[in-house]
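S.K.: one predicted model, sequence on top.
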Amino acid sequence: MRNTTQRTEILKFLRSKRHHCSAVQIYDAVREIIPNISLGTVYRNLGNLLEQGEIVSVEAVDKCIYYDGFTEDHAHFVCSGCKEIYDFPIEPENRSSIHKAGFEVASERVIYYGKCAKCKSADK
Ligand SMILES: [Zn+2]
Ligand SMILES: [Zn+2]
């Protein structure tokens, strides 16, 4: 199996989900198409895709890394209750002080940690 096929299938899977997936979840899904793929190969391809900016990664509360095929700049909110990862748009105001200093932003990674609305109301 050619490397490009593995890479394409991994990317296709991540792009088809509006969801953040762990390497093992990706491995399980891609294995249905490429049965002889190994978890190591999945990790290696994920590393390449990250380097090339084709996907982004998010570190969750449990220190697990989740991958996201949606690469347009967006902020993540990681809930410590349900462990869900939520996407939020980045407010452009956040960057204005950086621009004012004459810096140029190439990429942005914003991760908030806390409790989502559902878990917060369940606490009460
Ligand atoms: Zn939650
Ligand atoms: Zn995301």
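M.R.: That came through fine. As the structure is a prediction and not an experimental result, all values here were calculated from the model. Ligands and ions are numbered 1, 2, ... in the order given.

S.K.: from now on I want contacts and neighbour counts done on CA atoms only, so please keep to that.
M.R.: Fine.

S.K.: by mean pLDDT, point me to the weakest helix or strand of this structure.
M.R.: Ranking every helix and strand in the chain by mean pLDDT, DSSP states H and E puts helix 93-100 at the bottom, with a mean of 85.

S.K.: what's downstream of that helix, the next helix or strand?
M.R.: Scanning forward in sequence from helix 93-100 by DSSP states H and E, the next helix or strand is strand 110-114.

S.K.: and the helices in the chain?
M.R.: Counting by DSSP state H, one finds helices in the chain at the ranges 3-16, 23-31, 39-51, 93-100, 117-122.

S.K.: how close does the residue with the largest distance to the centre of the chain sit to I85?
M.R.: Distance from the centre of the chain peaks at K124, with 30.6 Å (CA atoms, centre = their mean). In this view, K124 and I85 are 22 Å apart by CA to CA, to the nearest Å.

S.K.: pretty sure D73 contacts F88?
M.R.: No. Using CA atoms under 8 Å, D73 is not in contact with F88; the gap is 9.3 Å.

S.K.: okay, now the domains of this protein?
M.R.: For the chain, automatic domain parsing gives the domain ranges 3-68, 74-122.

S.K.: just how off-centre is the last one within its chain?
M.R.: Centroid separation for domain 74-122 versus its chain: 13 Å, with CA atoms, centre = their mean, to the nearest Å.

S.K.: and it, does that touch ligand 1?
M.R.: Yes. Using CA under 5 Å from the ion, domain 74-122 reaches ligand 1 at C79, G81, C82, C116, C119.

S.K.: among those residues, which ones are in strands?
M.R.: C79 (DSSP state E).
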